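Peer 1: 3D, please:
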Amino acid sequence: MGWWAVDVRGEAARRDALAAWLVARTGQAVEQRDDGTLITFAEDETSADALIAGLATSPDPSATAARRALVPVDWTTHWRDGLGARRLGRLVVRPSWIPPDLRPGEVEVVLDPEMAFGSGEHGSTRAALAMLVRLIRPGDQVLDLGSGSGILSIAAVRLGAARATGIEVDAEANHVARRNAVQNGVQSTCEFLDGDAGALAPLLGPADLILSNILRTANLELLPAVTSALRPGGLVVFSGMEEGEAPLFRPSLTAAGFATELETTDAGWWAVAARRP
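Peer 2: The predicted model follows:
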């Protein structure tokens, strides 16, 4: 008995939908390799085989998959391996077991993400943080859609936002985010809500800055909610998309009435900042 990895290969055009299906089917995060392979995990060999058989009813029925046994690992501590301090402009992100080393003018986020997405080590998170450092203004009201470990919300407050509210469907991720907020002393100005960002965001506006570090399909679905929640003249940062997805996302952004102000890439991941007129 033990965990198994399942490597799934399918059509590029259906990759986002397939990834979302895998997350819903397994309850596990999905990793995407540079070659487009999606990697998910199953608790045992039987579950891995059932997942592979279920691909016939997925958004990409032609997808193929292979399973492989994983060496037993204590995942409650293994997530720490390889994590160190990272500088993004005047923001320093470090795990709690790394000593502080701040330069004049820098602020830090001490982050232990555990099993929640968002450690500052992923290209999409770094791209979103780089945008945040450049665009945040003192006193901003911030919404963080799909907030994961809480890194963007916490960083926003540490960089000068008056308040940040994260919305996340994964209640366990919010437990991690709240602990991270306490660790950074921002629990009174960082709130994390369980629920659907599309439903909750319009109720929490108007926001000066909205952050959405999710898959492209989710970002597209959230455009109406973002428009409703963002104050006129406010900014939204969309991340979580590969560089090749930029031409697919830009037309929808323009059609929704947003004007692109800034773009960046990091390790093949693309982020865009746009302003609501």
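Peer 1: Point out where the stretch 51-200 of the chain drops to low pLDDT.
Peer 2: Across the stretch 51-200 of the chain, the ranges flagged by pLDDT under 70 are 71-84, 112-121.
Peer 1: where along it do the strands fall?
Peer 2: 64-69, 86-88, 91-94, 107-110, 141-145, 163-168, 190-194 (DSSP state E, counting those that start in this stretch).
Peer 1: CSV for those, including distance to T227 and mean neighbour count?
Peer 2: For glycine as for every other residue, the C-beta is placed from the backbone atoms N, C-alpha and C. As requested, the strands of the stretch 51-200 of the chain are exported to CSV (distance: least, CB to CB, whole Å; neighbours: other CB atoms under 10 Å):
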stretch, distance to T227, mean neighbour count
strand 64-69, 38, 14
strand 86-88, 28, 18
strand 91-94, 28, 22
strand 107-110, 29, 20
strand 141-145, 12, 27
strand 163-168, 16, 25
strand 190-194, 20, 21
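Peer 1: Distance to A218 for these - can I get that in CSV?
Peer 2: Rendered in CSV, the data for the strands of the stretch 51-200 of the chain read as follows (distance: least, CB to CB, whole Å):
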stretch, distance to A218
strand 64-69, 23
strand 86-88, 24
strand 91-94, 24
strand 107-110, 24
strand 141-145, 8
strand 163-168, 12
strand 190-194, 17
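Peer 1: Relative to D101, which of those is closest?
Peer 2: For those, distance to D101 was read as CB to CB. The smallest value, 7.7 Å, belongs to strand 91-94.
Peer 1: The closest one packs against which elements?
Peer 2: If contacts are counted by 3 or more CB pairs under 8 Å, 6 or more residues apart in numbering; DSSP states H and E, strand 91-94 sits against strand 86-88, strand 107-110, helix 123-135, helix 151-158.
Peer 1: Parallel or antiparallel, list what pairs with it.
Peer 2: With DSSP bridges as the criterion, the sheet partners recorded for strand 91-94 are strand 86-88 (antiparallel), strand 107-110 (parallel).
Peer 1: Mind checking the ones you listed for the one nearest to R134?
Peer 2: Proximity to R134 (CB to CB) singles out strand 86-88 among those, at 9.7 Å.
Peer 1: Tell me, how many residues neighbour T125?
Peer 2: In terms of burial, T125 registers 28 neighbours under the definition other CB atoms under 10 Å.
Peer 1: quick one: it and L211 touch, right?
Peer 2: No: contact criterion CB atoms under 8 Å: T125 and L211 do not qualify, at 10.5 Å.
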